[in-house]
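A.B. asks: Need a 3D model of the sequence below.
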Amino acid sequence: MSSRGFGRMRQVHCARRAQRGQSLTEVAVMGAVLVPLFLLVPVLAKYIHLQHKGEQIARASAWEATVARDYGVPERARMERLLMARHFAPADQPITSNPPAPPAANAVVPDLFLNTFSNQPLLRNADVELGAYRNRGAPGFMDDVLEMAESFPGEFPPNSEGLIETRVSINPQNLRTADGRPAAYLAPFDAINLRMESRQMLLADAWNAAGAGSGGSPHRRSVLAQVRTLVPTAYLGGVLPDWDLPDSIPVIGVLDDLEIGHIKPDVVPKPRLEPYAPRR
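C.D. replies: Predicted coordinates:
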């Protein structure tokens, strides 16, 4: 073989080696970019899942205030345990009205979805916090007007601060390796200290009534108790003497049927009591 042919073969061999080296470099670079990306895609989905969970918990805690005794603010610690048991408990756990005993603060939330690629927990019980309940009034001019009505005697209005505000914060764990060290190759998620907050406002104490009410001391939230404030003569019921005047006396006899201060919340006008027309 001539020296020219040998040199050409050597150049081809060197070119092939250079191509193999370039391919290995490209694979290494793509692996350094794609592997963390493949690991982070499921974690980002779990972050979105936790954000939705926070919104559900905030909404549920606000709704719980609507059925609290006398529309009071529920106890935060008890409500926090109840919401954790209902929203983060295993699917086969029965639903109860009374919350279970609080787990340890560093206990892992028993949800298989809330785990990472390195078998490290993404959420612990202490990472979910229900903020203190807070009652407030509705914003705007009408709320200022209604606050002035609080100076009226009686039980009207029942609650000028009927809006309840709840806040839930979820703080997922930073990403770690299987041995518990920060996953530096997934920066900044190894030390991001992510904090998710969800807020919910609900009119928990509306101007509704707890029954019609009866007697001299009706329930403070009844129709009778609230109407008394708007009808001052209602306080005269049972105070004025009951005169039995003959109906034959003009005008006076009609006034004898007038009961000062008498309130009948459940009285329905007669036209409303007419029977329905029969079906044809």
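
A.B. asks: Do a quick rundown of the helices in this structure.
C.D. replies: 3-65, 76-87, 141-148, 223-230, 252-255 (DSSP state H).

A.B. asks: neighbours around residue 42, how many?
C.D. replies: 13 (other C-beta atoms under 10 Å). The C-beta positions use only the backbone N, C-alpha and C, and glycine is treated the same way.

A.B. asks: the domain parsing of this protein - what is it?
C.D. replies: What automatic domain parsing lists as the domains of the chain is 8-203, 223-268.

A.B. asks: rank those by pLDDT, which is bottom?
C.D. replies: Mean pLDDT values for the domains of the chain show the minimum at domain 223-268, a mean of 68.

A.B. asks: From start to finish, how long is that one in a straight line?
C.D. replies: Start-to-end span of domain 223-268 (C-alpha to C-alpha, to the nearest Å) is 14 Å.

A.B. asks: what does stretch 68-81 give?
C.D. replies: OK, stretch 68-81 end separation, C-alpha to C-alpha: 16 Å.

A.B. asks: Not counting that stretch itself, show me its contacts.
C.D. replies: 61, 64-65, 99-102, 128-135, 159, 162, 164, 204-205, 221 (C-beta atoms under 8 Å, 6 or more residues apart in numbering).

A.B. asks: Which among those count as buried?
C.D. replies: 61, 64-65, 99, 128, 130-131, 133, 135, 159, 162, 164, 204-205, 221 (16 or more other C-beta atoms under 10 Å).

A.B. asks: Now flag whichever of those residues is closest to residue 40.
C.D. replies: Closest approach to residue 40 among the buried ones among the contacts of stretch 68-81 (C-beta to C-beta): residue 128, at 22.5 Å.

A.B. asks: gap between the nearest residue to the closest one once chain neighbours are set aside and residue 201?
C.D. replies: Using C-beta to C-beta, 6 or more residues apart in numbering and skipping the chain neighbours, the partner closest in space to residue 128 is residue 170 (5.5 Å). The gap separating residue 170 from residue 201 is 19 Å, by C-beta to C-beta, to the nearest Å.
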